[in-house]
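Peer 1: sequence unknown, structure follows:
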């Protein structure tokens, strides 16, 4: 036994030495920005990254110069912050050479602790499946929104204290379930809904705990010791069981279309995440197992729920700070609603809500969709830009989305919340895709850019409009004076999120709009 233990210890020691040697990074030859007062502790960075990014933007990126700073996701390498002049060069570089998914893995560490990661099939399902079928899904998503609010919203004849963050999260989860797993499992009180929400909660909380408790080279051990990660695996096993009949239905429907021998016009029998993932795997010559299906669906849920909930609450808080705009937005909603058949919204009708859309985009400008930086990439081999700038393999580079949004050379009076700013920009443009909430354009990189611009942004746009309309048309909302000392936003590393513990007061309108 002692020989086995001794041999194991030697092997482990040798592996540690190899790991650390292999992980030794090349240095980035860029100015390194730190805090002026000398306090560069981990806690300082966790709570005040915005100050470092502001300093770097003012001294370097706003002048077209790159710099580097501490990377909260990598203790061994800095992150290189690039000015916008490099954006066009980055947009369409293949994933195999400069990887967005490696950045996601580094940030979330889910794959390092036994969890799922983004695959080419997941990206294809969103890009080619969801976006093409979205127009057919609006009616079902609207119904899911109504059901979720009916279930989750308490009776509010008088001013009632409610936590909006979990409310918005549950409503969006109900809407996205219809899109992701289809009609069989999307019921608001279904087992799938319970499993997916529990999975998302653990997927969002467990990595942070692991980062605190383990050194980076021991992250892999957490999948055996952390209770949250073990729970994720149990949920995944159960999810794969209940997904089996759903997958079989999609396989059968796909075979039926093959027998007919023609492409369907309009929506197919099933348009949902299960079908799109099956299509994506088939296109790559792969067979889709229920285990892989569960992993892929949970990746889609985790990626969308947290970010969309945060964006939704930011918009709601901004509306409360600009109540004069609520009346104009409601007038717009009523005008468009009067053209609907049977009260059913369509994607085209949602597109007519231009003032609401402009307000949403301005909120996204102010809060950068809860992230200080965007368009993050990691070179898989040493990368040299056309002007000679070199980024070592494994080193993250990114662009400063938050401070770009407040650059006076990009936006006039950027410190002013102007709800109609983007409505004016759209004006009579022939390109109707520019300057709406979900558009990735030169004045904003909140959604990313190029081949990795967020594929789910159009779904987020339509679901947020449906959710916000339901609230605005049925409730008066105001701040709870008893929570005036509660911070509205929380800074953590490279994120600025609306406070999930911030309560608001809701009251049913005597006459719903």
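Peer 2: On my side now, so go ahead. Every value quoted in this text rests on a predicted model; they were computed, and no experiment measured them.
Peer 1: and residue 424, what element?
Peer 2: helix 421-426 (DSSP states H and E).
Peer 1: which secondary structure elements does that helix sit against?
Peer 2: In terms of contacts (3 or more Cβ pairs under 8 Å, 6 or more residues apart in numbering; DSSP states H and E), helix 421-426 is packed against helix 354-367. (Glycine included, C-beta is placed from N, CA and C.)
Peer 1: what's the average pLDDT for the next helix or strand after the helix it packs on?
Peer 2: Per DSSP H and E, the first helix or strand lying C-terminal to helix 354-367 is strand 374-379. Averaging pLDDT along strand 374-379 gives 96.
Peer 1: now strand 374-379, how far from the chain's geometric center?
Peer 2: 15 Å (Cα atoms, centre = their mean, to the nearest Å).
Peer 1: neighbouring contacts of it?
Peer 2: 87, 90, 93, 97-100, 102-103, 106-107, 368, 391-399, 401, 445-450, 452 (Cβ atoms under 8 Å, 6 or more residues apart in numbering).
Peer 1: count of neighbours near residue 265?
Peer 2: By other Cβ atoms under 10 Å, the residues close to residue 265 number 6.
Peer 1: over to it. Which of the three states is it?
Peer 2: coil (DSSP: H, G, I helix; E, B strand; the rest coil).
Peer 1: gap between it and residue 136?
Peer 2: 12 Å (Cβ to Cβ, to the nearest Å).
Peer 1: got it, and residue 413?
Peer 2: Taken as Cβ to Cβ, the span from residue 413 to residue 136 is 41 Å.
Peer 1: and for residue 305?
Peer 2: Taken as Cβ to Cβ, the span from residue 305 to residue 136 is 22 Å.
Peer 1: the more surrounded of those two?
Peer 2: Set residue 305 next to residue 136 and count neighbours by other Cβ under 10 Å: residue 305 wins out with 22 against 14.
Peer 1: now name the helix or strand holding the more buried one.
Peer 2: helix 290-321.
Peer 1: would you mark the buried spots in that helix?
Peer 2: 290, 292-319 (16 or more other Cβ atoms under 10 Å).
Peer 1: and the angle from it to helix 354-367?
Peer 2: 100 degrees (axes from the mean of the first three to the mean of the last three Cα atoms, to 10 degrees).
Peer 1: following helix 290-321, which helix or strand comes up?
Peer 2: Assigned by DSSP H and E, the successor of helix 290-321 is helix 323-337.
Peer 1: quick one, longest helix in the chain?
Peer 2: helix 227-260 (DSSP state H).
Peer 1: show me where pLDDT drops low in this protein?
Peer 2: For the chain, applying pLDDT under 70 flags the ranges 1-25, 262-264, 428-432, 511-513.
Peer 1: next, name the residue at the spatial heart of it.
Peer 2: residue 307 (3.9 Å; Cα atoms, centre = their mean).
Peer 1: was I right to think that residue contacts residue 369?
Peer 2: Yes: between residue 307 and residue 369 there is a contact under Cβ atoms under 8 Å: 6.7 Å.
Peer 1: and residue 112, what is it in contact with?
Peer 2: 105, 219-220.
Peer 1: can you add neighbour count, secondary structure and distance to residue 159 and give those back as a markdown table?
Peer 2: Listed next are the contacts of residue 112 as a markdown table, based on neighbours: other Cβ atoms under 10 Å; DSSP: H, G, I helix; E, B strand; the rest coil; distance: Cβ to Cβ, whole Å:
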| residue | neighbour count | secondary structure | distance to residue 159 |
| --- | --- | --- | --- |
| 105 | 18 | helix | 45 |
| 219 | 18 | helix | 47 |
| 220 | 15 | helix | 50 |
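Peer 1: what segments of the chain are strands?
Peer 2: Remark: strands assigned in the chain by DSSP state E are 67-70, 78-81, 98-99, 160-162, 374-379, 383-384, 390-391, 397-399, 475-479, 489-492, 495-498, 504-508.
Peer 1: find the nearest non-adjacent residue to residue 299, please.
Peer 2: Leaving aside its chain neighbours, residue 299 sits nearest to residue 116 (4.9 Å; criterion: Cβ to Cβ, 6 or more residues apart in numbering).
Peer 1: next: residue 119.
Peer 2: Per Cβ to Cβ, 6+ apart, closest to residue 119 is residue 296, 6.6 Å.
Peer 1: related to what we said a few turns ago, contacting residues for the residue nearest to residue 299?
Peer 2: So residue 116 contacts 110, 295-296, 298-299 (Cβ under 8 Å, 6+ apart).
Peer 1: out of these, which is nearest to residue 487?
Peer 2: residue 110 (28.2 Å; Cβ to Cβ).
Peer 1: so how many other residues sit close to that closest one?
Peer 2: Counted with other Cβ under 10 Å, residue 110 comes out at 22.
Peer 1: ok, it - contacts?
Peer 2: 116-117, 203, 207.
Peer 1: now a PyMOL select for only the buried ones of the residues you listed.
Peer 2: Here is the PyMOL selection string for the buried members of those, based on 16+ other Cβ under 10 Å:
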select buried, resi 116+117+203+207
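Peer 1: just checking, residue 121 touches residue 299?
Peer 2: No: with contacts defined as Cβ under 8 Å, residue 121 does not count as touching residue 299, sitting 10.1 Å away.
Peer 1: can you tell me how far residue 211 is from residue 238?
Peer 2: Counting by Cβ to Cβ - residue 211 and residue 238 are separated by 27 Å.
Peer 1: again but with residue 375, I slipped
Peer 2: 37 Å.
Peer 1: residues touching residue 222, list them.
Peer 2: Contacts for residue 222 (Cβ under 8 Å, 6+ apart) come out as 113-114, 206, 210, 213-214, 229.
Peer 1: look up how far residue 91 lies from residue 372.
Peer 2: According to Cβ to Cβ, residue 372 and residue 91 sit 20 Å apart.
Peer 1: out of the two, which sits in the busier spot?
Peer 2: Shown here are residue 372 and residue 91; by other Cβ under 10 Å, residue 372 has more neighbours (20 against 15).
Peer 1: tell me the contacts of that one?
Peer 2: Counting by Cβ under 8 Å, 6+ apart, residue 372 touches 49-50, 53, 400-403, 494-496.
Peer 1: need phi/psi at it.
Peer 2: Main-chain dihedrals, residue 372, degrees, to the nearest 10: phi -80, psi -20.
Peer 1: name the nearest residue to it, ignoring sequence neighbours.
Peer 2: With sequence-adjacent residues excluded and distances taken as Cβ to Cβ, 6+ apart, residue 372 is closest to residue 402, at 4.5 Å.
Peer 1: that neighbour - how many residues pack around it?
Peer 2: 25.
Peer 1: please report how far it lies from residue 361.
Peer 2: For residue 402, the distance to residue 361 - Cβ to Cβ - is 15 Å.
Peer 1: and the gap between the nearest residue to residue 384 once chain neighbours are set aside and residue 33?
Peer 2: Nearest non-adjacent residue to residue 384, counting by Cβ to Cβ, 6+ apart: residue 390, 5.1 Å away. According to Cβ to Cβ, residue 390 and residue 33 sit 19 Å apart.
Peer 1: equivalent analysis for residue 121, please.
Peer 2: Note on residue 121: its distance to residue 33, by Cβ to Cβ, is 39 Å.
Peer 1: also residue 375?
Peer 2: 19 Å.
Peer 1: who's more crowded, the two?
Peer 2: residue 375 (26 against 19).
Peer 1: quick check: residue 320 touching residue 476?
Peer 2: No: the pair residue 320 and residue 476 fails to qualify as a contact (Cβ under 8 Å) at a distance of 10.3 Å.
Peer 1: doesn't residue 439 make contact with residue 454?
Peer 2: No: contact criterion Cβ under 8 Å: residue 454 and residue 439 do not qualify, at 11.1 Å.
Peer 1: perfect, I'm done here.
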